[in-house]
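**Q** Below are the sequence and a predicted model for it; my questions follow.
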Amino acid sequence: MPVIGKHVLRNNLFVAPMAGVTDRPFRQLCKRMGASYAVSEMVASNAQLWKSEKTMRRANHDGEVEPIAVQIAGADPAMLAQAAQYNVAHGAQIIDINMGCPAKKVCNVAAGSALLQNEALVARILEAVVRAVSTGPDAVPVTLKIRTGWDREHRNALTIARLAEQAGISMLTVHGRTRADLYHGQAEYDTIAAVKASVHIPVVANGDITTPHKAREVLSITGADAIMIGRAAQGRPWLFREIGHFLATGEVLPPPRIDEIQQWMNEHLQDHYAFYGEFTGVRTARKHIGWYTRGLSGANAFRHRMNTLDSTREQLAAVNAFFDAQKARSERLVYVDDESGKHDTPPDTDRLAA
């Protein structure tokens, strides 16, 4: 089983940090559905933002299943070190450094995957954060998430991986694309395999893992210690259960029944509303509802109507009415997988995984 510092994980299925998606309710749901590890949405290293409502909510880990991993983002070594210490003081048990996010608003301030252009700065950041929280009897492991490079002419994942190992990074996650690729094209599993072969720390493969068969294939091709799944779990958190079962038995689970999805979604929404409150909860839940209902009969019309509802009570009632109608049509969710015969409609690609 994968080990991060003193934390021994029960399996090798991880949830990727995604801005606006992997809040505490979603992370908890994915862990209940079979993931052993989930990283929070990224927290800015700028101390002036720590008291903002958004940052304070992202730093809320009340009742969260351990280990608690928090991703930090920024470009200044001292500020990132301070951010790591702040989050450890507020419950973080693992600190993850974001050098993988391709979003313009992140890269424009030289953070996220933009850092891959400056290897000397990468080394200073890694050393500063590790020194800040990963030494002494209460050491907290530091992990790193990267892409394969800035663009296809400047792939430097192997160099960054060696810098990470030298700095004392405990685990490295590689999204198999360059920053310039965003989410287009095929993930570079050969590059992830080369990274795995070049270092002795655990390496996690990320990118385009959408089915149990693809998960097994990626683990085999890359030799990675674990896989990290982001967009494919949006509206489909049971993917972790499906992959875990397939890796353990070689058997493909049947698609979930409509009533199962309805139950899981109700649990998710209730937790979501409690976490965000009425006003924000009903609005931030809309994207999750859209993902859950994607591909179902009448989903487009339902989403348009659902987006006009302004109370959690109305929203929850509408969701349940929609799923009750679905149950009258079909017992199970029906979908097709070119590899195994079963999988969901491909997820939307407009969400940014860090």
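**A** Noted; the coordinates are in hand. Numbering: from 1, shown residues only.
**Q** Would you map the strands across the stretch 1-150 of the chain?
**A** Ranges of strands within the stretch 1-150 of the chain are 3-4, 7-8, 13-15, 37-44, 69-73, 94-99, 142-147, based on DSSP state E, counting those that start in this stretch.
**Q** between the ones you listed, which gets nearest to Thr159?
**A** strand 142-147 (10.4 Å; C-beta to C-beta). Backbone N, C-alpha and C define where each C-beta goes, glycine included.
**Q** now the angle between strand 94-99 and the helix or strand just after the closest one, please.
**A** Next helix or strand after strand 142-147 toward the C-terminus (DSSP states H and E): helix 157-167. Here helix 157-167 runs at an angle of 150 degrees relative to strand 94-99 (axes from the mean of the first three to the mean of the last three C-alpha atoms, to 10 degrees).
**Q** mind saving the C-alpha coords of helix 157-167 as PDB?
**A** Output of helix 157-167 as PDB, limited to C-alpha atoms (Å, rounded to 0.1, in the frame of the first residue of the first chain):
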ATOM      1  CA  ALA A 157       9.500  16.400 -15.500                       C
ATOM      2  CA  LEU A 158      12.600  14.200 -15.000                       C
ATOM      3  CA  THR A 159      14.700  17.100 -13.800                       C
ATOM      4  CA  ILE A 160      11.900  18.400 -11.500                       C
ATOM      5  CA  ALA A 161      11.400  14.800 -10.100                       C
ATOM      6  CA  ARG A 162      15.100  14.600  -9.200                       C
ATOM      7  CA  LEU A 163      15.000  18.000  -7.600                       C
ATOM      8  CA  ALA A 164      11.900  16.900  -5.600                       C
ATOM      9  CA  GLU A 165      13.600  13.800  -4.300                       C
ATOM     10  CA  GLN A 166      16.800  15.700  -3.400                       C
ATOM     11  CA  ALA A 167      14.700  18.300  -1.500                       C
END
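**Q** mind checking how far it is from the chain centre?
**A** Chain-centre distance of helix 157-167: 22 Å, with C-alpha atoms, centre = their mean, to the nearest Å.
**Q** Next, the angle from that helix to strand 142-147.
**A** Helix 157-167 runs at 170 degrees relative to strand 142-147, counting by the same axes, to 10 degrees.
**Q** residues making contact with helix 157-167?
**A** Residues outside helix 157-167 that contact it (C-beta atoms under 8 Å, 6 or more residues apart in numbering) are 99, 116, 119, 122-123, 126-127, 130, 144, 146-149, 172, 174, 191-192, 194-195, 198-201, 203.
**Q** Show me what counts as buried in stretch 272-280.
**A** Residues of stretch 272-280 classed as buried under the neighbour-count rule (16 or more other C-beta atoms under 10 Å) are His272, Tyr273, Phe275, Tyr276.
**Q** so how far does that stretch reach from one end to the other?
**A** With C-alpha to C-alpha, to the nearest Å as the measure, stretch 272-280 spans 10 Å from end to end.
**Q** how far does it sit from the chain's center?
**A** 21 Å.
**Q** What's the mean pLDDT across it?
**A** Average pLDDT, stretch 272-280: 96.
**Q** what's the answer for stretch 205-217, then?
**A** 97.
**Q** What backbone torsions are found at the residue nearest the centre of the chain?
**A** In the chain, the residue lying closest to the centroid (C-alpha atoms, centre = their mean) is Ala16, at 1.7 Å. The phi/psi pair for Ala16 (degrees, to the nearest 10) reads phi -80, psi 150.
**Q** Look up how far Leu316 lies from it.
**A** Separation of Ala16 from Leu316 (C-beta to C-beta, to the nearest Å): 28 Å.
**Q** Tell me where the model's unsure across the stretch 101-250 of the chain.
**A** Low-confidence segments of the stretch 101-250 of the chain, defined by pLDDT under 70: 102-111.
**Q** same thing but 90
**A** 101-117, 134-138, 149-155, 178-186 (pLDDT under 90).
**Q** which residues in it form helices?
**A** Ranges of helices within the stretch 101-250 of the chain are 104-107, 119-133, 157-167, 189-198, 212-222, 239-249, based on DSSP state H, counting those that start in this stretch.
**Q** out of these, which comes closest to Ala78?
**A** For Ala78, the closest of the helices of the stretch 101-250 of the chain is helix 119-133, at 6.5 Å, according to C-beta to C-beta.
**Q** In that closest one, which residues are buried?
**A** For helix 119-133, by 16+ other C-beta under 10 Å, it's Leu121, Val122, Ala123, Arg124, Ile125, Leu126, Glu127, Ala128, Val129, Val130, Ala132, Val133.
**Q** any chance of the residues you listed in CSV, with distance to Gly207 too?
**A** Shown next, in CSV, are the buried residues of helix 119-133 (distance: C-beta to C-beta, whole Å):
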residue, distance to Gly207
Leu121, 25
Val122, 20
Ala123, 25
Arg124, 27
Ile125, 23
Leu126, 22
Glu127, 27
Ala128, 28
Val129, 24
Val130, 26
Ala132, 30
Val133, 28
